[in-house]
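1. Fold the following, please.
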Amino acid sequence: MTEYALPIIDMSQPEGLPQRLDLACRTHGFFYVVGHGVPAELRAAAFEMSKRFFALSDEAKNQWHIEKSGIHRGFDPIGWQKLDPTMPGDIKESFYMGVDRGPEDPLVKAHVPNQGANQWPDEELVPGFKATMQAYEAALNDLGHRLLSVIAQGLKLPADYFEAFLKDPTPILRLLHYPEQPPSNKLEPGQIGCGAHTDWGSVTLLAQDDAGGLQVRAKDGTWFDAPPVPNAFVVNLGDMMQRWTNDAYVSNFHRVFNPKGRERYSIAYFFDMDYFSEVKALPGCFDEANPPRYAPTTAGQHIIEMYERTRTGY
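-> I've put the predicted structure just below:
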């Protein structure tokens, strides 16, 4: 039987669920969730759309290059991002989608950064892409709300506490493709699929295929594998949640190695708050003996600053 270093938490078993989640958030900031209610067929369809898109030629994919968006949506090629700024560009390509906002949307009219329309691949090239991804995003959005409700209860806050920050959230759905491990003479020193990094927002929900390659850093600095668990999502906390909880919860480093002899696909859903949400120490996470460790900030500005630091293309 496979042993997993991260806990597997069944969301369909409510008794003790907030306490189990709370312990996981304080220990590694990473855990698996099963019993989450996202249909397996929808998840499989999202992976199929991802594979069809990345199978297109570079010339075709570059029609939707992220530089053409102006709001960080669309395709970014291999090496375009380096999540570990001390290392060469990551050996992965990806496709970003967010809330698809038209010109009359209040955030667009207010010129809020990174708010607007997605770039969608042509229906003729990837039939069903837009409809599938919008359905998948809706399912993950629902799961994100439910997950934050349980996290709130683990922090001894009202179950709906985070809903005040989720009136018009700004999540990002990112398709990721890692080609098989290139020969060593084709790599720069230290170059891997995805450099060591923390995520930046509240929570990330990651669906991964069966290729493996994801690793998480333990408190002693060693790395351990987070292998695929059938029908599970890997959930990890971002820097915003660590900041919100005044370091009670952990935003942990993780990285990805390209598999040997095969490709790897994953889909990350960054469930981020309203752009102007104020992030400061939560009730119960500070007192006179443990005062707030961070100055207040806003969710949107923090994400933009972190994103810009990782782009090799700018």
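
2. Disregarding residues adjacent in the polypeptide, which is nearest to His72?
-> Excluding the flanking residues, the one nearest His72 by Cβ to Cβ, 6 or more residues apart in numbering is Asn114, at 5.4 Å. No exception for glycine: its C-beta is placed from N, CA and C like everyone else's.

3. which secondary structure element contains the one you found?
-> When secondary structure is defined by DSSP states H and E, Asn114 falls outside every helix and strand.

4. how close does it get to Phe165?
-> 17 Å (Cβ to Cβ, to the nearest Å).

5. The closest residue to Phe162 other than its chain neighbours: neighbour count?
-> Of all residues not flanking Phe162 in the chain, Leu148 sits nearest, at 4.3 Å (Cβ to Cβ, 6+ apart). By other Cβ atoms under 10 Å, 22 other residues sit near Leu148.

6. looking at it, Leu148 is touching Val235, isn't it?
-> No - in this structure, Leu148 is not within contact of Val235 by Cβ atoms under 8 Å, at 10.8 Å.

7. can you pull the contacts of the residue nearest to Phe162?
-> Shown in contact with Leu148 (Cβ atoms under 8 Å, 6 or more residues apart in numbering): 162, 166, 202-203, 271.

8. what does Thr132 give?
-> Neighbouring residues of Thr132 by Cβ under 8 Å, 6+ apart: 42, 45-46, 48-49.

9. Let me have these in a markdown table, extended by secondary structure and pLDDT.
-> Below are the contacts of Thr132 laid out as a markdown table (DSSP: H, G, I helix; E, B strand; the rest coil; pLDDT from 0 to 100):
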| residue | secondary structure | pLDDT |
| --- | --- | --- |
| Leu42 | helix | 98 |
| Ala45 | helix | 98 |
| Ala46 | helix | 98 |
| Glu48 | helix | 98 |
| Met49 | helix | 98 |
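
10. which of those count as buried?
-> With burial judged by 16 or more other Cβ atoms under 10 Å, the buried subset of these is 45-46, 49.

11. ok, of these, which one's closest to Gly35?
-> Comparing the buried ones among the contacts of Thr132 against Gly35 with Cβ to Cβ places Ala46 closest, at 19.2 Å.

12. out of everything not next to it in sequence, what's closest to that closest one?
-> Tyr136 (4.2 Å).

13. Let me know the helix or strand that that neighbour is in.
-> helix 129-154.

14. any idea of the pLDDT on Ala5?
-> For Ala5, the pLDDT comes out at 87.

15. and it, how far is that from Gln13?
-> For Ala5, the distance to Gln13 - Cβ to Cβ - is 21 Å.

16. So which residues make contact with stretch 5-15?
-> With Cβ under 8 Å, 6+ apart as the test, stretch 5-15 has contacts from 17, 20-21, 23-24, 28, 30-37, 146-147, 150, 216, 218, 224-226, 229, 232, 234.

17. Give me the buried entries from the residues you listed.
-> 17, 20-21, 24, 28, 30-33, 36, 147, 150, 216, 226, 229, 232, 234.

18. What about the residues you listed, which are in helices?
-> The helices, defined by DSSP state H, take in 17, 20-21, 24, 147, 150 from the buried ones among the contacts of stretch 5-15.

19. which of these lies closest to Trp64?
-> Within these, proximity to Trp64 (Cβ to Cβ) peaks at Leu147, which comes in at 30.1 Å.

20. which residues touch that closest one?
-> 11, 33, 203, 205, 235, 271.

21. In JSON lines, list these along with distance to His65 and pLDDT.
-> Converted to JSON lines, the contacts of Leu147 look like this (distance: Cβ to Cβ, whole Å; pLDDT from 0 to 100):
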{"residue": "Met11", "distance to His65": "37", "pLDDT": "97"}
{"residue": "Val33", "distance to His65": "34", "pLDDT": "98"}
{"residue": "Val203", "distance to His65": "29", "pLDDT": "97"}
{"residue": "Leu205", "distance to His65": "26", "pLDDT": "98"}
{"residue": "Val235", "distance to His65": "30", "pLDDT": "98"}
{"residue": "Phe271", "distance to His65": "26", "pLDDT": "96"}
